[in-house]
Structure formats: C-alpha cells, structure tokens
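In: Based on what follows, work out the 3D shape:
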Amino acid sequence: MLRRLEGTGHVPCLSGTISTSGRSLPHAVAHAYVPGHPLSPRERVADDFFPALQALLRKMHAEGIAYVDLHKRENIIVGDDGCPYLIDFQISFALPHGWLRRSRLCRGILRMFQEGDDYHLLKHWAIHRADQCGVTLKELGHRRPWWIRAHRSIAVPFRTLRRMLLVVLRIRTGQGMVDSECFAEDAVRNDGGAIRPRAAA
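Out: Okay, here's the model as predicted:
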C-alpha cells in the first residue's frame, strides 16, 4: 500500500528492507517519520485539511484501494505543514491481481469498504470543521453503512463478554484499565488536553 501510494505526498515513504543480524525480515515494514501529531479531539484544522484528505481517499479509491481504518482518529496525522497524512495500512483492502480483480465479489467488498471510508471522513469532518462539512452528525447517523451498524451490534457485546471472561479468569480485576493490554494509538489519545495512556482490552 505504501509503495502504491507514495506518489500522493500524503502517505509516508517506505524506508527500504528491514534486517537484523544480517537476516532480512520480509514481513517487517518501516516508513519515514511524519513530523506532526495525531488529529486531536475537537482540534480545528486548516480550511484545506479535509478537502486534501478527501482528495487522497478519492485517489486511493480510483486505484482500487480502500483504507478501512479511518474510524481511528489516531491514524490521521496533522503534519507540521498543516497537511493530512495517513498511516497504518495493515487492514487496508486492495483489489487482487488477475481474474479476481474483475470478480463481482471482490468489487462488492471494495465498494463496501470505500463507502465506510467516505462515511468516516464525513464524520471527522463534521466533528472538526462543522462549518465546512455540510452535513451534521445526526444526519450522518442515518447514512451509516449497514455493515458498520452490523459490526457494532456484534463487536460491542463480544467485547463486553470478553472483558467479563478476563475478570473471571483473573487476568484483569475489572477495575480501572488493564496494564497487560495496550495499543499504540491508546497512548496518543487526548483526554481534555492531557495525553494519558489508555489500555484496550
């Protein structure tokens, strides 16, 4: 994904082959550092920020790619230059090569994920630049793709049951945040202006 999108100017460039002790690591990826910070709650970005992010998504979609992970605000970097950058492409989806590329199934999956990209873009846009977006969060709620609604109806109860099981197994206490499970993006979530590490179970 990084290689295919490196010409957009809004995706970090690959840093080459990764190796350790003289052995190449084919499944390891490193990219250039993007000076900036993750999009913060209620942060007011420049007028051209979301139009530029929308143009990037349209370029990706035209190339047969869906980002998929745009619901995470932490994946949107506000560069020191004020421009948007996307990182973390590990669950992105692209049309495969060969005859599968023309199959209705793959194209249907691609369109579904791309609709999700468009929805999450508008959601962030409505939160951070409501004066520009042209649609309210309430209106967006009625336009939420069916598969996102279905995912939430399954994921939330599953996450609740999983946490209850961890308490029963005494892996966690059920009080406060667990220290044994933490995702990198949790450490950069801004809560009331203070950066606080948060664990995700």
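In: For the rest of this, base every contact and every neighbour count on C-alpha atoms.
Out: Fine.
In: got a list of contacts for stretch 84-91?
Out: The set of residues that contact stretch 84-91 without belonging to it, under C-alpha atoms under 8 Å, 6 or more residues apart in numbering, is 1-2, 10-12, 34, 49-50, 52-53, 67-69, 75-79.
In: List the buried residues for it?
Out: Of the residues in stretch 84-91, those scored as buried under the neighbour-count criterion (16 or more other C-alpha atoms under 10 Å) are 84-89.
In: Same question for stretch 102-111.
Out: By 16+ other C-alpha under 10 Å, the buried positions in stretch 102-111 come out as 106-107, 110-111.
In: that older thread, out of the contacts of stretch 84-91, name the ones that lie in strands.
Out: The strands, defined by DSSP state E, take in 76-79 from the contacts of stretch 84-91.
In: and which of those residues is nearest to residue 149?
Out: Each of the ones in strands among the contacts of stretch 84-91 was checked against residue 149 using C-alpha to C-alpha; the closest is residue 76, at 22.5 Å.
In: What separation do you get for the residue lying closest to the closest one once chain neighbours are set aside and residue 45?
Out: Beyond its immediate neighbours in the sequence, the residue positioned closest to residue 76 (C-alpha to C-alpha, 6 or more residues apart in numbering) is residue 86, lying 5.2 Å away. When distance is defined by C-alpha to C-alpha, to the nearest Å, residue 86 is 15 Å away from residue 45.
In: ok, now residue 76?
Out: Computed with C-alpha to C-alpha, the distance linking residue 76 and residue 45 is 12 Å.
In: So which of these two has more stuff around it?
Out: For residue 76 against residue 45, the residue with the higher neighbour count under other C-alpha atoms under 10 Å is residue 76, and the figures read 21 against 17.
In: pretty sure that one is touching residue 39, no?
Out: Yes: contact status for residue 76 versus residue 39: in contact at 5.8 Å, counting by C-alpha atoms under 8 Å.
In: if I look at residue 149, how far off is residue 159?
Out: When C-alpha to C-alpha is applied, the distance between residue 149 and residue 159 equals 15 Å.
In: my bad, should have said residue 59
Out: Residue 59 sits at a distance of 34 Å from residue 159 (criterion: C-alpha to C-alpha).
In: related to what we said a few turns ago, I'd like the buried residues of stretch 84-91 as TSV, with distance to residue 97, secondary structure and pLDDT appended.
Out: As requested, the buried residues of stretch 84-91 are arranged in TSV below (distance: C-alpha to C-alpha, whole Å; DSSP: H, G, I helix; E, B strand; the rest coil; pLDDT from 0 to 100):
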residue	distance to residue 97	secondary structure	pLDDT
84	29	strand	97
85	27	strand	97
86	24	strand	96
87	24	coil	92
88	22	coil	90
89	18	coil	92
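In: mind giving me JSON lines with those residues and columns for distance to residue 128?
Out: Compiled in JSON lines, these are given as follows (distance: C-alpha to C-alpha, whole Å):
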{"residue": "84", "distance to residue 128": "13"}
{"residue": "85", "distance to residue 128": "16"}
{"residue": "86", "distance to residue 128": "17"}
{"residue": "87", "distance to residue 128": "19"}
{"residue": "88", "distance to residue 128": "21"}
{"residue": "89", "distance to residue 128": "23"}
